[in-house]
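K.L.:
Have a look at this fold, sequence not included:
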């Protein structure tokens, strides 16, 4: 299990008026073949179209494309158009192992994420459940 080295518990609520995590430049949003299939079904498009139009290969894996190098290709008017089938990486933000391994890193994430400090209480057990794939849900 990943190390959690931040002061707990933490409050977090993904805010409707925020999409900053979908606009992080230079990062990758990795998607599995199973996730590509879910996106295709959700959008009523073929798997081939989703793979070719919305993803690219990087480091031997598939990543979602950015739109104009600025935001996720599925972000429109501040909303995720594939929210019910969004990738694991999206479902678990901000509780990524690299974000909670040090207080310094957590403070950096807090600067970008206005939902930290309000909402649901996340203790060690809740964050570990997120590590195992439990979604951090919002109303988006």
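P.N.:
Arrived safely, thanks for sending. Just so it is clear, the structure is predicted and the values come from calculations on it, not from any experiment.

K.L.:
Flag the helix or strand of this protein with the lowest per-element mean pLDDT.
P.N.:
One helix or strand of the chain scores below all others by mean pLDDT, DSSP states H and E: strand 66-67, with a mean of 86.

K.L.:
Following that one in sequence, what is the next regular element?
P.N.:
From strand 66-67 onward toward the C-terminus, using DSSP states H and E, the following helix or strand is strand 71-72.

K.L.:
neighbouring strands for that next one, and are they parallel or not?
P.N.:
Pairing partners of strand 71-72, with direction, according to DSSP bridges: strand 66-67 (antiparallel).

K.L.:
gap between the partner strand and the chain center?
P.N.:
With CA atoms, centre = their mean, to the nearest Å as the basis, strand 66-67 stands 15 Å off its chain's centre.

K.L.:
now do stretch 116-128
P.N.:
On CA atoms, centre = their mean, the centre of stretch 116-128 falls 16 Å from the chain's centre.

K.L.:
Flag every buried residue along that stretch.
P.N.:
Buried residues in stretch 116-128, counting neighbours by 16 or more other CB atoms under 10 Å, are found at 116, 122, 126, 127. To be clear about C-beta, it is placed using only N, CA and C from the backbone, and glycine gets the same treatment.
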